[in-house]
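> quick one, fold the following:
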Amino acid sequence: MLHAIGIIPARYASTRLPGKPLVDLGGKSMIQRVVEQARQANLSRVVVATDDDRILSHVESFGGEAVLTAPDHPSGTDRVFDAYRQLGVVADCIINIQGDEPFIHPAQINALVDLFAAEPRPQLATLVKPVVSTEELFSPHLPKVVLDAQGYALYFSRHPLPFQRQHAPTDWLAHHRYLRHIGLYAYRPDVLADITLLPPSALEQAESLEQLRWLETGYRILTAETTLDTIGIDTPEDVQRALAQLKIEN
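Here you go, the predicted structure:
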């Protein structure tokens, strides 16, 4: 049986929404909702990786598992690896589940887990989703990705790729199938250990996209496609959107 561990990085500090993991969403904290969604996926274990005792205590209070990591990790990837080392287990793959997406679908997590069921196992994996609107296509907050014929990522960008010389930008979606990136990652443990040692790369710094560091170094990122959407929480306005979504679902 495939041994897949889900790790949810959760920092207390946030410029736009301090204490974000503990924000109340309809009677449950955001981090509790993420944990509950992740527990429905095909994972042998779900662990919150946090830098704050308040989050640690809260997760344990609702029966979740959490570990306290170093406070100065530069990225969620580093925090995930810190937590994995503390667990002292050997997994077939590690899933990095965003701690600010309370509506993450178990099927999206399973799509990545399934990629590791076949040999050879991928080095890294992530999710892509078809772009459905011009607004999505041109939003720099929703990174796009282009793939090779085998489904491996060629490049990620905040700009729409490819550029269509023969068509006006307003018509691009009618002539090409664009994909956006969903920030859910899966790693082979040895690869996770290696990529945390890599220095920032030129492409990463230009686009402010960590995964470009891995591509630029030569790692390959396999993708799975989803049509399901999620709602990331970064601002007080996003909290209101999430509360509205909960009312719809209930």
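> could you list the domains of this structure?
Using the TED database, the domain parsing of the chain gives 1-104, 119-229.
> ranking those by burial, who's on top?
Scoring the domains of the chain by mean neighbour count under mean count of other C-beta atoms under 10 Å gives domain 1-104 as the most buried, with a mean of 19. (C-beta placed from N, C-alpha, C; glycine too.)
> and it, how far out from the chain's middle?
Remark: domain 1-104 is offset 12 Å from the chain centroid, using C-alpha atoms, centre = their mean, to the nearest Å.
> likewise for stretch 185-199?
Relative to the chain's own centre, stretch 185-199 is displaced by 15 Å; criterion: C-alpha atoms, centre = their mean.
> what residues are up against Arg33?
By C-beta atoms under 8 Å, 6 or more residues apart in numbering, the contact list for Arg33 reads 25, 102-103.
> what about it, which SS state?
helix (DSSP: H, G, I helix; E, B strand; the rest coil).
> ranges for the strands of this protein?
With strands called from DSSP state E, the chain shows them at 4-10, 24-25, 28-29, 45-50, 65-68, 93-96, 124-130, 144-147, 153-157, 179-187, 221-225.
> what strands line up against the fifth one, and which way round?
Based on DSSP bridges, the strands next to strand 65-68 in the sheet, each with its direction, are strand 45-50 (parallel).
> who touches the strand it pairs with?
5-12, 21, 31, 35, 38-39, 55-56, 59, 64-69, 79-80, 82-83, 87, 89, 97, 99.
> tell me how far the spatially closest residue to Tyr187 that is not a sequence neighbour lies from His175.
Leaving aside its chain neighbours, Tyr187 sits nearest to Ile94 (5.0 Å; criterion: C-beta to C-beta, 6 or more residues apart in numbering). According to C-beta to C-beta, to the nearest Å, Ile94 stands 38 Å off from His175.
> hey, which helix or strand in the chain has the poorest pLDDT?
Lowest by mean pLDDT, DSSP states H and E among the helices and strands of the chain is helix 236-249, with a mean of 78.
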